[in-house]
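Asker: Output the structure for:
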Amino acid sequence: MFLAGELTIYLYAVTSVLLFWYFWRTYDERSRLPPGPSPLPLIGNLHQISTGDMVNSLKALSLKYGPVFTLHLGMRQVVVLWGYDAVKEALVDQGEEFSGRGDMPTYQSVIKDYGQSFSNGERWKEMRRLTLMTLRNFGMGKRGIEERVQEEAYHLIDALKKTKG
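Answerer: Model prediction:
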């Protein structure tokens, strides 16, 4: 059994190792991201952002750290693009690198990266290609399908009128 002194030393050692690991991991992750304010454990930079006036909070941070900076919202890292030039460079000039979607853990467990709305990367491109090919096979983009849709809409409206409310 542990004595009280040994237990205390053991707890200090475990706490020290966990703190060292946390700060080492945080430093390693932050070295690959744009500059930004130092986050607090668990809450990140939430204490530096006013939720009632978020625009001015982000503007103040952009003046200090530049148009591209990193925030930590809780445990989640977010890269903020501030201003027209930063957004244009990211979405137009480097569109391929910024074309992905963020992680959505709620949907990931259910959909598992399938589907057009929540898939990402190469799978999204394949799903989009398949969807467009299938829709074109059904006549999307051709004049004939438009007439069929209008005819079906006309019959639907007639059926709804016959129900009398």
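
Asker: Would you mind listing the buried residues in the lowest-mean-pLDDT helix or strand in the chain?
Answerer: Within the chain, no helix or strand scores below helix 105-111, which has a mean of 70 by mean pLDDT, DSSP states H and E. Buried residues in helix 105-111, counting neighbours by 16 or more other Cβ atoms under 10 Å, are absent. All C-beta atoms are positioned from the backbone trio N, CA, C, and that covers glycine.

Asker: contacts for the helix or strand hosting residue 87?
Answerer: Counting by DSSP states H and E, the element that carries residue 87 is helix 84-88. Taking Cβ atoms under 8 Å, 6 or more residues apart in numbering as the criterion, the residues outside helix 84-88 that touch it are 67, 68, 81.

Asker: just checking, the first one touches residue 82?
Answerer: Yes. Residue 67 is in contact with residue 82 according to Cβ atoms under 8 Å; the separation is 4.8 Å.

Asker: how about low-confidence regions in the chain?
Answerer: Scanning the chain for pLDDT under 70 picks out the ranges 1-2, 26-31, 101-104, 107-108, 113-118, 143.

Asker: ranges for the strands of it?
Answerer: Taking DSSP state E as the test, the strands found in the chain are 68-73, 76-81.
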